[in-house]
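1. One predicted model, sequence on top.
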Amino acid sequence: QVQLVESGGGLVQTGGSLRLSCTVSGGTFNRYTMGWFRQAPGKAREFVAAIIWSGGSTYAADSVKGRFIISRDNAKNTVTLQMNTLKPEDTGVYYCAAALLRTIRATQREYDYWGQGTQVTVSS
């Protein structure tokens, strides 16, 4: 059974940085495209960033481009989201997800496995 566990969330001031990690167990990590999604209070969950199995291609939502960096370490079964210049509107629960695909995907329904989420709060 594939399990995803996120870590690294917390409270940070505007302009600060956080680093989220997601560790995958129970599956073949380098078969998955990995993605990060987030859900702000009262809003639908939205795409943040994704990275293909090799790490050779990434894609990020316009709202985080230039501020967030997604990366992966296939030897450690881990995907990381480095979040810089954080804004209050980045507040939400951040979810890691895995898709059994070899290409970038930004649509939630195409992801097969999900973590429980980690809270990120950016204070103004």
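-> That came in fine, so what should we check first? Since the model is a prediction, treat every value here as computed from it, not as a measurement.

2. And the residue sitting nearest the centre point of the chain, how close does it get to residue 99?
-> Ranked by distance to the mean C-alpha position of the chain (Cα atoms, centre = their mean), the top residue is residue 36 at 2.3 Å. In this structure, residue 36 and residue 99 are separated by 12 Å, where distance is defined by Cβ to Cβ, to the nearest Å. For every residue, glycine as well, the C-beta is placed using N, CA and C.

3. cool, residue 49 as well?
-> For residue 49, the distance to residue 99 - Cβ to Cβ - is 13 Å.

4. tell me, what's touching those two both at once?
-> Applying Cβ atoms under 8 Å, 6 or more residues apart in numbering, one finds that residue 49 and residue 99 are jointly contacted by residue 35.

5. Report the contact partners of the residue nearest to the residue nearest to the centre of the chain when sequence neighbours are not counted.
-> If the residues on either side of it in the chain are set aside, residue 36 comes closest to residue 48, at 4.3 Å by Cβ to Cβ, 6 or more residues apart in numbering. Listed by Cβ under 8 Å, 6+ apart, the contact set of residue 48 reads 35, 36, 37, 38, 60, 61, 64, 68, 81, 94.

6. pretty sure the second one belongs to a strand, no?
-> So that's residue 36. Yes - for residue 36, which was evaluated using DSSP: H, G, I helix; E, B strand; the rest coil, the result is membership in a strand.

7. thought it was touching residue 70?
-> Yes - applying Cβ atoms under 8 Å, one finds residue 36 in contact with residue 70, separated by 6.4 Å.

8. Kindly point out which residues are neighbours of both of those two.
-> 49, 50, 79, 81.

9. separation between the residue nearest to residue 37 when sequence neighbours are not counted and residue 54?
-> Leaving aside its sequence neighbours, residue 37 sits nearest to residue 95 (Cβ to Cβ, 6+ apart; 4.7 Å). From residue 95 across to residue 54, the span is 22 Å (Cβ to Cβ).

10. Of the two, which one has the most company?
-> Neighbours of residue 95 and residue 54, each counted by other Cβ atoms under 10 Å, are more numerous for residue 95; the result is 23 against 11.
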